[in-house]
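Q: Can you look at this prediction? I've put the sequence above it.
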Amino acid sequence: AYFATHNPFLKGKKVLVTAGPTREKLDPVRFFSNRSTGKMGYAIAEAAARFGAEVTLISGPTELEAPANVEIVRIESAQEMYEAVMERFPHVDIVIKAAAVADYRPKHVFAKKMKKQPGDYVIEMERTTDILKTLGEQKTSQILVGFAAETDHVEEYAKQKLESKQLDMVVANNISEEGAGFAGDTNIVTIFKRDGSVRSLPLLPKKQVAEEILKEIHQYIEAIR
Ligand code: CTP
Ligand code: CA
């Protein structure tokens, strides 16, 4: 088959992948984060390298080992991910943003551990920078692929993200479905492309989902050039 496991169809391509959660500090012992494990993004980075790409993986805190033949950059916060991505963006061909980036961070970060006080406590949060949206505004020839993890209105929200962030492709999953989402080794995704085409994949191991996403990107590049 043309797309054999080791067919180097991404040879010569520089691919930037982000994966995992971010951590937003409140004080030296506390942070806000989310349930992302990084598995989907790591599977994409691993497969892209296997398909011949030069891969950089910008990763939030995960328990996963760096994939073979991938340059890994470890960060914690959304701001650190933003800086790591922006620095490399001008030099890459494809960006795949699988990371679950925090939308908010504590407005005040305390240098010393907070002591509890009687009564309730309100933490004020401020917005982080939308990394992918910024890339959409600044892109020259890069292919931009985003993720959309939703619990409802999956198609509607995925299409909105495709438009508002000026993406080439959105990989949407319904994280409330059995076999999809953060924790497991499988996922159920639908791929929405800029040209209006839609492809729904069945429940598959994340490794296979990663391969299908990369094949879709390859076909998309072939079709537009
Ligand atoms: N994303 C990003 N920077 C952020 C937030 C999200 O780059 N500060 C990226 C994610 O990596 C993902 C895509 O945007 O590829 C969609 O993330 P998602 O959380 O599903 O969408 P949001 O635009 O944040 O909207 P909402 O959380 O309200 O659904
Ligand atoms: Ca979000």
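A: That came through fine. Quantities reported herein were computed from a predicted structural model and do not represent experimental measurements. Ligands and ions are numbered 1, 2, ... in the order given.

Q: so V85 touches K133, yeah?
A: No. Between V85 and K133 there is no contact under CB atoms under 8 Å: 11.9 Å. For glycine as for every other residue, the C-beta is placed from the backbone atoms N, C-alpha and C.

Q: and these two? which has more neighbours close in?
A: The neighbour comparison of V85 against K133 (other CB atoms under 10 Å) goes to V85, with 24 against 15.

Q: Name the helix or strand for Q79, please.
A: Q79 is located in helix 78-88, with elements delineated by DSSP states H and E.

Q: tell me the mean pLDDT over that helix?
A: Per-residue pLDDT values over helix 78-88 give a mean of 98.

Q: How about stretch 104-118?
A: Stretch 104-118 comes out at a mean pLDDT of 97.

Q: Need the residues that contact it.
A: Here stretch 104-118 makes contact (CB atoms under 8 Å, 6 or more residues apart in numbering) with 24-30, 32, 77-79, 123-128.

Q: mind redoing it with 6 Å?
A: 24-29, 123-126, 128 (CB atoms under 6 Å, 6 or more residues apart in numbering).

Q: what does stretch 18-26 give?
A: Residues outside stretch 18-26 that contact it (CB under 6 Å, 6+ apart): 31-34, 36, 38, 41-42, 58-60, 62, 76-78, 81, 97-102, 105-106, 109.

Q: what are the ranges of the helices in this protein?
A: Assignment of helices within the chain using DSSP state H yields the ranges 39-50, 78-88, 131-138, 154-164, 206-224.

Q: looking at those, which is buried most?
A: Of the helices of the chain, the one with the most neighbours on average (mean count of other CB atoms under 10 Å) is helix 39-50, at a mean of 26.
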